[in-house]
Structures are given as C-alpha cells and as structure tokens.
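# Return atomic coordinates for the entry below.
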Amino acid sequence: MITGTLGYSIPKRHEISSKLKLDDGISLLRKQTYLHKTLIYNTLISGMILLNRQIGYEVIKNLYDLIHKNKPMKTQQPNEFDLQLTPVFDIQPESEGPAFLQDVLKGLTASSKYLNSKYFYDATGDKLFQRIMGMDEYYPFQCEMEIFTTLTAEIADIITTQGKNFDLIELGAGDGTKSIHLLKLLSAMNADYTYMPIDISANVIEHLVQNLPVIIPGVKVTGLNGGYFEMLKMAKDISKRRKVIMFLGSNLGNMPLREAMEFCRRMRTLLRPGDLIIAGIDLKKNPATILAAYNDRSGITKAFNLNLLSRINRELDANFNLTEFEHYPTYDPKTGSCISYLMSKKDQNITVNGKNIYFTKDEYIEMEISQKYSIEDIESLAASASFRTNEMFFDSRKWFVDVIWTVV
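Sure thing, here's the model as predicted:
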C-alpha cells in the first residue's frame, strides 16, 4: 500500500482489481481532499493502463485534458475537477519480463559479455544510487547541484526568454533533487509549465507525482513511466506547447560518443525549432578523480553493479554467486571513456532461465559506461544533431557543465 501524507491508504497499481472502472474512480475522487484526489487519480490512471494496455489513446488524452485543460469528457462535466492533479502515463507491462530476459541473454551470450545499465534501477538499485549521489567521491552530483543552486536564475531566464508557456520534460528524472530548484523558481516566476518526468523506474515516477505537488503547491506534473523516445513521443502528442528537455546528471554520458550522437539526432526528430535541451555533461579531468567516483571506499558502487546480478537471479531464475564476481572500473583519458566491469573470479557455469552461460576466470561483463567530454566534443555533439549552443554553465571547479542547446 501507498500511504499519503494525511494517512489515507490507497492500493499500489498491481493491487488494483481487474474490475476497476473509470466511473468508480471518478466517484471516489469526488469525496476526497485535494491531496487524496491526487493520489487516487495517479493510482487510477496508471492502474488502468497496467491492467489493460489497450485502454486506448483517446481515454488517456481525455483524462489529461480533463485535469490540465479543464475540458469535459463525454460522460463528465469539468466542474468536478477544477484541480491541479498529477496523471501518470505508464505503458510498461507489469514487469519488464520478456524484454529484460531477451536483453540479458543477448548481452551474456555476446562474444564480449555486457549488460544494459538501464536495468540497474529496481527498488534496491534506486536506493543504492541515492547513496552514491551522497558519497564524497561522487563529484558529478555535487558539481551539478552547485550549478542548479547558484545559477538557477540564469537558467530560468534563458528558458523563459521565448515565453512562460512550455512543457519541462526531464529524461531520467531520478528523485528530482537538482531540478526541484529550477521548478520552484519557475513557479515563483508564474511560468505556466507542466513538469513531465520520464523514467524507466516506476518507483521514481510514483515518488515524484505524489510528492512534488505537496512541495510546490500548484505545480502541474505528468509522470511518464517508460523509455525515453516512447515517452517523448507521448509528451509531444498530448501537448503542442514548446518543449524544454532536461537530461541531467551526465545521463548522456551513459553511452559512447557515437551512440550519444545518434541519441541526439533521434531526439531532434521529436522536437521543433526553438525547443531547448539542457544537458548535464561530465568533463575530462584528472583520471584519479574520475576513478575514485566509480570505485568508492565504502563499496556502494560495487554493490550497485552487483545488484543487477541479484535482480537477474530474482526475476529471471538465475544463479549468480555475487561473491564470485569482482567490481573493476577503468578510465581512458584519451577517449574519455570510464567503464565499469564485473570480473569472474573463476571458471564457472551460470544458468539464466534455464540457459547455460559459461564464464572463464577473469572474463568480464561490461556493466556501464560514463563518457567524459572536452568542450570540443560537446560542440561536435551539438552540431551532429542540429543543436546550437546557447550557453554553458560550469561549476566552480569546471569539472562539470550544464549546456543549453537550441533546436535549429
């Protein structure tokens, strides 16, 4: 169960009966306080989508319009809903089952074994990453937090130069610790914006849509739980307003440079001239500083990587022995690639969903990449996607930059 601030308990999405009807939810909404209405609405819409992925785009769009634009549904009058509620759009299945299994087997049977880092973020992975961000060694979070707490006004001024009506979309939103400073200022400036966090983690989205309206009264939040491009397309379809995309925390660095270029080009196809992108990018620096951030003394990053093996054991009927794998990060100052591996300590056989996978001693699994950039690399990345650099905001040590690009 999820318990609201006022103590009202509502079911999690997977606990909702398959007999749930929209009218039942609307009836329940009428009887509740503002906060309870928000919580119930989030559970209602995301639960409906999980239970019936064929619910239909028109129903979702009508609900969105009803909440954010005060337009009537065909069966309902709008005066019941003069509220700023927070819908959750979730097109993911109840588990990532087939895709997760397919991706894991594809990676572990490749000639050079790898796993997709997007699967790090189950409930345990989310908590471990929060701990990573609090580590002394993990400078990327500290640097970007400095930017978003000391240069917030400058960032907000650029965003609102073209007007105060827009959708603020955050890719890989996490807990919103950094972006909340910008949201608060934009709200204080009376900007008419809808915050649309996109994240593959349902835990992250549920946290944001339930807590942000309490922290920032009146803020409009539309949670988008799923893959980046799938959700960006949905955001484009449900609202025609100008888009401001935030891709913070060096998320763009979680792919090699060539893939990052392709990512930006693909993102460009979903945007219009005049839209903005705010990208957090980790800069090249002393290798010792970089390696320490991914090999902390307390072993939290090691646990974060090993947790993916635990998740595979739990969800895909695998039998990894976590004590037989060693965490090993590397950094190449020439290319800027920081890569984390798990190394097999011995020859061993692993089974995943009944499939045998053999590891030789010292064989590796590539777990994640964190690409570091020079200023020249950043300019090349922008040019490859037809983005124009508007401004660069650095932390005081110039270890990290938040660059604002304009779509041309």
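# Going by C-alpha atoms from here, please, whenever you check contacts or count neighbours.
Will do.
# Nearest residue to the residue at minimal distance from the centre of the chain in space, please, no chain neighbours.
With distances taken as Cα atoms, centre = their mean, the residue of the chain nearest its centroid is residue 172 (1.8 Å). Setting aside the residues directly before and after it, residue 172 is nearest to residue 199 in space (Cα to Cα, 6 or more residues apart in numbering), at 4.7 Å.
# What is the burial count for that neighbour?
23 (other Cα atoms under 10 Å).
# mind checking pLDDT for residue 57?
pLDDT for residue 57: 44.
# follow-up on the earlier one: isn't the residue nearest to the centre of the chain up against residue 196?
No - with contact defined as Cα atoms under 8 Å, residue 172 does not count as touching residue 196 (10.7 Å).
# Let me know whether residue 131 touches residue 301 as I believe.
No - applying Cα under 8 Å, one finds residue 131 not in contact with residue 301, separated by 9.1 Å.
# Of these two, give the one with the bigger neighbour count.
Shown here are residue 131 and residue 301; by other Cα under 10 Å, residue 301 has more neighbours (23 against 14).
# Please work out the average pLDDT along the helix or strand containing the more buried one.
Secondary structure assignment for residue 301, by DSSP states H and E: helix 300-316. Throughout helix 300-316, pLDDT has a mean value of 97.
# and that helix, what does it pack onto?
The contact analysis (3 or more Cα pairs under 8 Å, 6 or more residues apart in numbering; DSSP states H and E) places helix 300-316 against helix 97-108, helix 123-133, strand 325-332, strand 348-352.
# Could you rerun that using 10 Å?
Judged by 3 or more Cα pairs under 10 Å, 6 or more residues apart in numbering; DSSP states H and E, the packing partners of helix 300-316 are helix 97-108, helix 123-133, strand 325-332, strand 337-344, strand 348-352, strand 364-371.
# which stretch among those comes nearest residue 181?
Nearest to residue 181 among the helices and strands packed on helix 300-316 is helix 123-133 (16.8 Å), distances taken as Cα to Cα.
# which outside residues touch the closest one?
Helix 123-133 has contacts (Cα atoms under 10 Å, 6 or more residues apart in numbering) with 119-122, 135, 138-142, 174-175, 201-204, 249, 293-294, 296, 298-308, 310-311.
# Mind checking the pLDDT average for it?
Averaging pLDDT along helix 123-133 gives 90.
# what's the answer for stretch 379-389, then?
Average pLDDT, stretch 379-389: 96.
# Centre of the chain to it, how far?
Centroid separation between stretch 379-389 and its chain, computed with Cα atoms, centre = their mean, to the nearest Å, is 23 Å.
# Between the two ends of it, how far is it?
7 Å (Cα to Cα, to the nearest Å).
# Show residues contacting it.
257-258, 260-269, 273-277, 373-378, 403-408.
# Filter these down to just the ones in strands.
Those of the contacts of stretch 379-389 mapping onto strands are 276-277, 403-407, per DSSP state E.
# from the residues you listed, which single one is nearest residue 357?
Nearest to residue 357 out of the ones in strands among the contacts of stretch 379-389 is residue 277 (Cα to Cα; 41.5 Å).
# and the closest one, what does it touch?
Contacts of residue 277 (Cα under 10 Å, 6+ apart): 159, 168-170, 243-247, 264, 267-268, 271, 387-390, 402-407.
# which among the residues you listed end up buried?
Among those, those classed as buried by neighbour count (16 or more other Cα atoms under 10 Å) are 159, 168-170, 243-247, 264, 267-268, 271, 387-389, 402-407.
# so of these, which ones are in helices?
Per DSSP state H, helices hold the following members of the buried ones among the contacts of residue 277: 159, 264, 267-268.
# Can you add pLDDT and distance to residue 229 and give those back as a markdown table?
Listed next are those as a markdown table, based on pLDDT from 0 to 100; distance: Cα to Cα, whole Å:
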| residue | pLDDT | distance to residue 229 |
| --- | --- | --- |
| 159 | 97 | 22 |
| 264 | 96 | 11 |
| 267 | 96 | 7 |
| 268 | 97 | 11 |
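# now the residues you listed as JSON lines including distance to residue 187?
Putting these into JSON lines (distance: Cα to Cα, whole Å) gives the following:
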{"residue": "159", "distance to residue 187": "13"}
{"residue": "264", "distance to residue 187": "29"}
{"residue": "267", "distance to residue 187": "27"}
{"residue": "268", "distance to residue 187": "27"}
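# and which of these is nearest residue 226?
Of all these, residue 226 sits closest to residue 267, with 15.3 Å by Cα to Cα.
# what about the closest one, distance to residue 277?
Applying Cα to Cα to residue 267 and residue 277 gives a distance of 10 Å.
# do residue 219 as well
Distance of residue 219 to residue 277, given as Cα to Cα: 21 Å.
# The most far-flung residue of the chain relative to its centre and residue 312: what is the separation?
The C-alpha centroid of the chain is most remote from residue 347, which lies 36.3 Å away (Cα atoms, centre = their mean). Going from residue 347 to residue 312 by Cα to Cα gives 20 Å.
# Output the below-cut-off pLDDT ranges for the stretch 1-150 of the chain.
The stretch 1-150 of the chain contains residues with pLDDT under 70 at 1-97.
# returning to what we had before: where do the contact lists of residue 172 and residue 196 overlap?
In terms of Cα under 10 Å, 6+ apart, residue 172 and residue 196 are both contacted by the residues 205, 225.
# Cool, thanks, signing off.
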